[in-house]
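Participant: here are the coordinates; sequence isn't available:
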């Protein structure tokens, strides 16, 4: 596999990000949602992973004071299980560490065992179930990890 790069998301990336959204999520965000994150949310940081300039994954996270929340993280199905998601998550952790953030939280669908396993592998602990969290009534698992650099 070619090596990948991580950089800030720009508006030009949106069509590919929307494709990844549609392939990866039960209730994908709309283009307007991501544009709002990119241009109007002062707390949001959006990064993409690229291979040969093609967007293959992205992450959207918020840093508010001394905590962070991962809103979305997704890798195109053709590029999953190639350490790209792990690299994006490590980039989030490094940024949070540099900004003196103490904890990173997220919600993940109870049925998303692949996601739960991915986050658990990266030090996230399951704290609580949020009943009927998603629009279809599915529960969410609320997960958190402290911010420390591995290695």
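Facilitator: In hand now; what should we look at? In this text, all values refer to a predicted model and were calculated from it rather than measured experimentally. Numbers count the residues shown, from 1 in each chain.

Participant: drop to CA atoms for contacts and neighbour counts, all remaining ones
Facilitator: Will do.

Participant: what comes up buried for the longest helix anywhere in the chain?
Facilitator: If you go by DSSP state H, the chain has its longest helix at helix 84-98. By 16 or more other C-alpha atoms under 10 Å, the buried positions in helix 84-98 come out as 84-85, 88-89, 91-94, 96-97.

Participant: Also stretch 125-144?
Facilitator: Buried, per 16+ other C-alpha under 10 Å, within stretch 125-144: 125-126, 129-130, 133, 139-144.

Participant: Likewise for stretch 107-119?
Facilitator: 107-110, 116, 119.

Participant: returning to what we had before: out of the buried residues of helix 84-98, which is nearest to residue 67?
Facilitator: Set against residue 67, the nearest of the buried residues of helix 84-98 by C-alpha to C-alpha is residue 96 (8.1 Å).

Participant: Can you spell out which helices and strands pack onto the longest strand anywhere in the chain?
Facilitator: Criterion DSSP state E: the longest strand present in the chain is strand 54-64. If contacts are counted by 3 or more C-alpha pairs under 8 Å, 6 or more residues apart in numbering; DSSP states H and E, strand 54-64 sits against helix 14-24, strand 44-51, strand 67-75, helix 84-98.

Participant: Identify whichever of those lies nearest to residue 3.
Facilitator: Short answer: strand 44-51, nearest of the helices and strands packed on strand 54-64 by C-alpha to C-alpha, at 6.4 Å.

Participant: which other residues reach that closest one?
Facilitator: Contacts of strand 44-51 from elsewhere in the structure, counted by C-alpha atoms under 8 Å, 6 or more residues apart in numbering, are 2-9, 37-38, 55-63, 84, 88.

Participant: angle of that strand against helix 14-24?
Facilitator: Counting by axes from the mean of the first three to the mean of the last three C-alpha atoms, to 10 degrees, strand 44-51 points 90 degrees away from the direction of helix 14-24.

Participant: Each with direction, which strands does strand 44-51 pair with?
Facilitator: strand 5-8 (antiparallel), strand 54-64 (antiparallel) (DSSP bridges).

Participant: before we move on, back to that, so of the buried residues of stretch 107-119, which ones are in helices?
Facilitator: Applying DSSP H to the buried residues of stretch 107-119, the entries found in helices are 116, 119.
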